[in-house]
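Colleague: I'll drop the sequence and a predicted model, then ask my questions.
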Amino acid sequence: MNRHQIVLAGLAPANETWYSPVQVQKLFFLLDQNISKSIGGPFFDFQPYNYGPFDKMVYETLEELAMQGLVQIDNGDRRQYQLTRQGLEEGKKILNGFPDKEKRYVVEVSEFVRKLTFAQLVSAIYKAYPEMKANSVFED
């Protein structure tokens with residue numbers, strides 16, 4: 001498993017739904033924290049930042065996948081990310097190869113990060129991982 005594969009698998013449960021920057025950062029942070037050892041990770045190096053765990057490599061990986069036609073990036077009012085149809089097919093294939101427990105976790109975490117507001121998501125991460133609040137500018 002490599003970084004591109006975990007990003008495709010991580011975004012696949014949303015089908016063609018958009019993710020915000022905070023959602024992708026927290027999604028891959030949670031995957032690295034909780035299932036990375038069983039799927040060949042960790043894949044990123046998250047550090048405490050303004051709104052919790054952050055690794056610019058998440059964005060760089062999404063940009064690389066966009067250049068391959070697997071991710072679509074909307075740079076409108078708010079930057080957003082989603083898999084293209086081809087990216088979704090690849091992501092689902094990768095995700096379906098995960099052990100059942102890890103596959104369920106990816107699906108649950110994808111849903112979790114997408115259903116919360118920005119403030120709710122950042123607060124939930126800080127509650128579960130207080131060390132990631134170290135450099136925060138966010139007040140909950």
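Modeller: Cool, the structure landed.
Colleague: in the top helix by length along the chain, what's buried?
Modeller: When the chain is parsed with DSSP state H, its longest helix is helix 100-115. Of the residues in helix 100-115, 102-103, 105-107, 109-110, 113-114 count as buried by neighbour count, 16 or more other CB atoms under 10 Å. Placement of C-beta: from N, CA and C, glycine included.
Colleague: Could you work out the most separated pair of those?
Modeller: 102 and 114 (18.8 Å; CB to CB).
Colleague: before we move on, the earlier item: ok, so of the buried residues of helix 100-115, who is nearest residue 58?
Modeller: Of the buried residues of helix 100-115, the one sitting nearest to residue 58 (CB to CB) turns out to be residue 113, at 12.5 Å.
Colleague: list the contacts for that closest one?
Modeller: 19, 23, 26-27, 30, 121 (CB atoms under 8 Å, 6 or more residues apart in numbering).
Colleague: Repeat that for residue 87.
Modeller: 8, 11, 65, 69-72.
Colleague: Dump the contacts of residue 113 into a markdown table; add distance to residue 137 and neighbour count as well.
Modeller: Output for the contacts of residue 113, formatted as a markdown table (distance: CB to CB, whole Å; neighbours: other CB atoms under 10 Å):
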| residue | distance to residue 137 | neighbour count |
| --- | --- | --- |
| 19 | 22 | 23 |
| 23 | 18 | 23 |
| 26 | 16 | 28 |
| 27 | 21 | 24 |
| 30 | 21 | 25 |
| 121 | 15 | 22 |
